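J.: Requesting a structural model of the entry that follows:
(one chain, ligands or ions: 1)
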Amino acid sequence: MKNVNNKWTLITGASSGIGEVFAHELAAKGSHLILTARSESKLNDLAQKLSKKHGIQTEVIVSDLSQAGAPAELYQACIERGRSIDILINNAGFGTHGLFEEQSFDRNHDEIMLNVMAVVELTHLFLPEMLRKRSGVVINVASTAAFQPDPYMAVYGATKAFVLSFTQALWEENRKRGVQFLTLCPGSTETAFFDVLGTNDASVGKKATPKHVVDVALRSLGTNRSYVVAGSMNYINSQATRLIPKKIMLRIVSGMLRPR
Ligand SMILES: NC(=O)c1ccc[n+]([C@@H]2O[C@H](COP(=O)([O-])OP(=O)(O)OC[C@H]3O[C@@H](n4cnc5c(N)ncnc54)[C@H](OP(=O)(O)O)[C@@H]3O)[C@@H](O)[C@H]2O)c1
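T.: From the prediction side, this is the model:
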């Protein structure tokens with residue numbers, strides 16, 4: 001799908017960072033938007049700004065997608081508003097950092113619910129209608145953390161490895177059925193991610209702008225790729241992790257992510 005004009009895009013995690021930039025870029029291309037996250041006032045401000053600037057329609061649906069049942073409620077709210085989704089961007093997510101046993105289990109649980117379960121459930125809910133239309137795009141935001149296990153970010157890395165594996169499998173299942181799947185794998189990016197993480201220790205290399213990350217994703221649509229890594233050094237590193245012996249690779253990654 002190259003032309004998003006008059007299509008409806010649902011963006012999770014649209015209140016900040018990469019999701020907010022997706023909203024700006026897709027609005028500029030004429031897509032109507034459903035914006036969701038927990039921060040209602042940020043979403044309302046963004047929706048008003050984008051509809052005024054680009055003459056698009058916007059809807060705000062506040063949802064905590066780490067809660068069981070929230071993805072189904074979000075889907076139902078879209079149905080009740082009569083919106084058929086053409087582009088689904090599963091972007092909402094957060095990370096946790098530190099020794100596994102010292103992390104809050106509740107926080108890890110929410111992380112898995114948001115980064116994994118919400119992605120699976122929203123995809124399961126919205127895909128059938130896209131298949132009926134033989135048209136649709138699903139962009140799932142993973143990370144360069146998806147390409148190897150991540151000591152000190154064990155749960156986060158595993159959630160993103162899941163997103164990469166899941167999305168690539170669905171890319172293959174659907175590539176001749178009119179629905180394009182793309183896994184977006186950013187490296188460190190200038191967003192609130194590291195504030196939420198509570199440390200900058202896990203930031204690797206120079207941070208990209210969220211605009212760069214979103215441009216990479218949107219340029220990849222229609223290129224028949226199952227995943228795209230933002231940044232050439234990040235791409236090289238993501239491939240290198242497959243070539244280096246596992247024990248050595250784990251030691252290198254551990255050195256990069258260790259709390260300082
Ligand atoms: N920044 C990086 O370095 C980086 C690198 C690789 C991958 N990523 C991935 O990129 C995606 C976007 O993150 P970002 O960097 O843009 O960080 P961000 O600025 O912190 O944005 C995260 C978004 O997710 C939403 N969110 C968080 N918890 C939520 C919940 N329980 N329910 C619904 N929405 C929730 C937040 O909104 P509310 O707080 O309003 O709910 C916010 O809109 C994430 O999946 C992240 O893992 C980021």
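J.: The residue of the stretch 51-200 of the chain found nearest the ligand: neighbouring residues, count only.
T.: Of all residues in the stretch 51-200 of the chain, Gly93 sits closest to the ligand, at 2.3 Å by CB to the nearest ligand atom. In short, each C-beta sits where N, CA and C put it, glycine included. The burial count assigned to Gly93 is 27, neighbours taken as other CB atoms under 10 Å.
J.: Now that we're looking at it, what pLDDT does it have?
T.: Among the per-residue scores, Gly93 holds a pLDDT of 98.
J.: Was I right to think it contacts Asn115?
T.: Yes. With the criterion set as CB atoms under 8 Å, Gly93 and Asn115 qualify as a contacting pair; they are 4.6 Å apart.
J.: residues shared between the contacts of those two?
T.: Overlap between the neighbourhoods of Gly93 and Asn115 consists of Thr159, taking contacts as CB atoms under 8 Å, 6 or more residues apart in numbering.
J.: hang on, the earlier thing: the residue of the stretch 51-200 of the chain closest to the ligand: which element?
T.: Here Gly93, judged by DSSP states H and E, is contained in no helix and no strand.
J.: show me the contacts for it.
T.: Going by CB under 8 Å, 6+ apart, Gly93 touches 13, 114-115, 141, 159.
J.: Flag every residue of the stretch 51-200 of the chain that's near the ligand.
T.: When proximity is defined as CB under 6 Å from any ligand atom, the stretch 51-200 of the chain approaches the ligand at 63-66, 91-95, 114, 141, 143, 186, 188-189, 191-193, 196.
J.: Tell me the secondary structure at Val120.
T.: helix (DSSP: H, G, I helix; E, B strand; the rest coil).
J.: mind listing what it touches?
T.: By CB under 8 Å, 6+ apart, the contact list for Val120 reads Phe166.
J.: Distance check, it against Thr12.
T.: Taken as CB to CB, to the nearest Å, the spacing of Val120 relative to Thr12 amounts to 13 Å.
J.: Give me the common contacts of those two.
T.: Residues within reach of Val120 and of Thr12 at once, by CB under 8 Å, 6+ apart: there are none.
J.: Only the buried members of the residues of the stretch 51-200 of the chain next to the ligand: can you turn that into a PyMOL selection?
T.: For anyone working in PyMOL, the buried entries among those, judged by 16 or more other CB atoms under 10 Å, can be selected with:
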select buried, resi 63+65+66+91+92+93+94+95+114+141+143+186+188+189+191+193
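J.: Among the residues of the stretch 51-200 of the chain next to the ligand, name the ones in helices.
T.: When these are checked against helices (DSSP state H), the matches are 193, 196.
J.: biggest helix in the chain by residues?
T.: With DSSP H setting the assignment, residue counts place helix 154-174 as the longest helix in the chain.
J.: for stretch 130-141, which positions count as buried?
T.: Going by neighbour count (16+ other CB under 10 Å), the buried part of stretch 130-141 is 130, 135-141.
J.: Mind checking which of these land in helices?
T.: Cross-referencing the buried residues of stretch 130-141 with the helices (criterion: DSSP H) gives Met130 as the overlap.
J.: Adding pLDDT, write the buried residues of stretch 130-141 out as JSON lines.
T.: As requested, the buried residues of stretch 130-141 are exported to JSON lines (pLDDT from 0 to 100):
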{"residue": "Met130", "pLDDT": "98"}
{"residue": "Ser135", "pLDDT": "97"}
{"residue": "Gly136", "pLDDT": "98"}
{"residue": "Val137", "pLDDT": "98"}
{"residue": "Val138", "pLDDT": "98"}
{"residue": "Ile139", "pLDDT": "98"}
{"residue": "Asn140", "pLDDT": "98"}
{"residue": "Val141", "pLDDT": "99"}
